[in-house]
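Visitor: Compute the structure for the input listed below.
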Amino acid sequence: MSETAVIFGGPSPEHDVSILTGLQVTRALSIAGAERIRALYWTKSGDWHDVAPDLEGAAFLQGVPPGSTPLRLEADPAGGFQARAALTGRPRPLDLSAVVICCHGGPGEDGSLQAALDLAGIRHAGPTAAGAALCMDKLAFTGLVIAAGLPTLPRILLTESTRPDFAGPYIVKPRYGGSSIGIEVVEDLATATARLMANVHLRRGAIVEPYRPDLFDLNVSVSSWPEVKLSAIERPIRSEASSDILSYADKYVGGEGMVSAPRELPAELDAGLEARLTDAAYQIAMLTDLRGVARIDFLSDGKELFVNEVNTIPGSMAKYLWVSPPITFTTLLTDMLAEAMARPAVQQTTVGADGAILRSAGSIASKLS
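Guide: Predicted coordinates:
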C-alpha cells in the first residue's frame, strides 16, 4: 500500500529549521487522517534514515534518533528509497505515492534533491528541479526579474575586481542561499571583497547590492493548486539588535520560528502599493513556474516596491500567512500532495530519439579527424 513521506533535514545550514518544518508537516498530515506517514530524515552528512513520525525536535540534537532504520536513495526507476530487510539483508523499496520536501537551503532547495527524486520516479510536492535552482540563484533570479520589467535593486556578482556602479553602503549575500544566513551589511567595497574569504557562506559565490536603510520587508505566500492564489501580505518586524536586515534570528529563533516572529499581518499598505505587489507576485509565480507553497519577498519604503527573492520551501510552509483568505495548514498540505499526483514535477520524453541520426552517422573515428 502506497504511503506518503515527509523529507526533512539535509546537509544545509538550515538543517535544524528543516527538522522543525518536517515534524510539523508530519504531525499535521497524521492529524488530518493519513493512514501512514513516513518521516525520512536526511542527516548533515547526507545519510538517510526512516524515523518515528511522532518525534520532537530535541530527539535530533545528537544526530540520528535511536531506533531509526537506515535507507538508501537510488536515483533510477527501479530504485528510490530502500531499506535493508532485517533477515535477508536484501533491499526493500518503500512504496511511496508522493513526498513532501521540507528541506530549507542547500541541496534540498536548490533542485538537487528534486532531480534525484525525478530520476527515481518519485512524485514530490513543491518546486521543480529547474524552478528550485532558478530561485536559489540570486543572480539568475534577478536577471529574470529585470527581463520581465519588474522593479528590483541592482545586484551584481561580487569578485575581487567588482566595481559597482552604485555607491555604498552595501549588502553582501551568498549567491546560493536563503534565510539571511551569511548576509552582511558593509560600508565600502574593500570590506565587501574582504568578506569573500572570511565568510564561509560566500565561497561558492556572492552578490552585492546597495543597502537602503529606508526599506522594509514585505512577504506574501503563493499556493499553486488547484489554482494560483495569494495569502495576506505581511510586514515582518526586525529586532532592535539586527535592525539592518531581517536576520536569521528574527525569522527562526523563537517558540515557533517564523510563526512566533513579530509582524504586521495583514500589512497596512497604500492600496496602490498593495495592487502592484499582488500583480508582481502573480507574474513571478508564472515566470518561475512556482509549484507547491512558496513565499515571495519584497522590499519597500511605503511607496517604491522592489522584488527581493523567492523562498520555494518556506519555514513552516508559510502557514502563518494564510489568514486572509483563511486556509488551514492541512488544506495547504493536502493541496500540495494533490498537485504532486496530478501535475508531476517532470515528464520525460524520448520523442525524436528514433535512431535516424545513428543510422546516418559515420564512424566515430571520422568525426574525430
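Visitor: So what's the residue count around residue 275?
Guide: When neighbours are counted by other C-beta atoms under 10 Å, residue 275 registers 11. Where you see a C-beta, it was placed from the backbone N, CA and C, and this is true even at glycine.
Visitor: Need the residues that contact the helix or strand where it lies.
Guide: Assessed by DSSP states H and E, residue 275 sits inside helix 271-287. With C-beta atoms under 8 Å, 6 or more residues apart in numbering as the contact definition, helix 271-287 has outside contacts at 144-145, 148, 150-151, 218, 220, 222, 224, 228, 230, 233, 269, 290, 294, 296, 298, 300, 302-303, 305, 307, 310.
Visitor: Return the residues in contact with the residue lying closest to residue 127 once chain neighbours are set aside.
Guide: Of all residues not flanking residue 127 in the chain, residue 312 sits nearest, at 4.0 Å (C-beta to C-beta, 6 or more residues apart in numbering). Contacts for residue 312 (C-beta under 8 Å, 6+ apart) come out as 109, 126-127, 131-132, 135-136, 290, 292, 294.
Visitor: For stretch 333-348, the averaged confidence score.
Guide: Averaging pLDDT along stretch 333-348 yields 93.
Visitor: ok, residues contacting that stretch?
Guide: With C-beta under 8 Å, 6+ apart, stretch 333-348 has contacts from 4, 25, 28-29, 32, 97-100, 114, 117-118, 123-129, 223-226, 291-293, 317.
Visitor: For that stretch, buried residues please.
Guide: Using 16 or more other C-beta atoms under 10 Å as the burial criterion, the residues of stretch 333-348 that qualify are 333-337, 339-340, 345-346.
Visitor: Among those residues, which ones are in strands?
Guide: Among the buried residues of stretch 333-348, DSSP state E puts none in strands.
Visitor: Make a markdown table from these and add distance to residue 46 to it.
Guide: Shown next, in a markdown table, are the buried residues of stretch 333-348 (distance: C-beta to C-beta, whole Å):
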| residue | distance to residue 46 |
| --- | --- |
| 333 | 26 |
| 334 | 30 |
| 335 | 30 |
| 336 | 25 |
| 337 | 26 |
| 339 | 28 |
| 340 | 24 |
| 345 | 22 |
| 346 | 23 |
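Visitor: which one of these is nearest residue 74?
Guide: Residue 74 has its nearest neighbour among the buried residues of stretch 333-348 in residue 346, at 17.5 Å by C-beta to C-beta.
Visitor: Buried ones from the contacts of stretch 333-348, can you make that a PyMOL selection?
Guide: In PyMOL, this line selects whichever of the contacts of stretch 333-348 come out buried by 16+ other C-beta under 10 Å:
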select buried, resi 4+25+28+29+98+99+100+114+117+118+123+124+125+126+127+128+129+223+224+225+291+292+293+317
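Visitor: Which of the contacts of stretch 333-348 fall within helices?
Guide: Using DSSP state H, the members of the contacts of stretch 333-348 that fall within helices are 25, 28-29, 114, 117-118, 129.
Visitor: if we can go back for a sec, pick the one among the contacts of residue 312 closest to residue 352.
Guide: Once C-beta to C-beta is applied, the member of the contacts of residue 312 that ends up nearest residue 352 is residue 131, at 24.4 Å.
Visitor: Which of the three states applies to the closest one?
Guide: Secondary structure, DSSP: H, G, I helix; E, B strand; the rest coil: residue 131 is helix.
Visitor: My read is that it contacts residue 313, right?
Guide: No - the criterion here is C-beta atoms under 8 Å, and residue 131 misses it with residue 313 at 10.9 Å.
Visitor: Those two: which has the busier surroundings?
Guide: Taking neighbours as other C-beta under 10 Å, residue 131 and residue 313 compare with residue 313 leading, 27 against 22.
Visitor: Need the pLDDT of that one.
Guide: At residue 313, pLDDT is 97.
Visitor: any idea which helix or strand of the protein has the worst average confidence?
Guide: The helix or strand of the chain with the poorest confidence is helix 248-252; it has a mean of 53 (mean pLDDT, DSSP states H and E).
Visitor: Return the distance of the helix or strand following that helix from the chain's centre.
Guide: Once the chain leaves helix 248-252, the next helix or strand it forms, by DSSP H and E, is strand 263-264. Strand 263-264 has its C-alpha centroid displaced from the chain centroid by 22 Å (C-alpha atoms, centre = their mean, to the nearest Å).
Visitor: What is strand 263-264 packed up against?
Guide: strand 229-236 (3 or more C-beta pairs under 8 Å, 6 or more residues apart in numbering; DSSP states H and E).
Visitor: Would you indicate which residues of the strand it packs on are buried?
Guide: 229-236.
Visitor: Going by distance to residue 350, which of these wins?
Guide: Distances from residue 350 to the buried residues of strand 229-236, taken by C-beta to C-beta, are shortest for residue 229, at 35.6 Å.
Visitor: Bridged to the nearest residue to that closest one once chain neighbours are set aside, which residues?
Guide: Excluding the flanking residues, the one nearest residue 229 by C-beta to C-beta, 6+ apart is residue 223, at 5.4 Å. For residue 223, the beta-bridge partners are residue 229, residue 293 (DSSP bridges).
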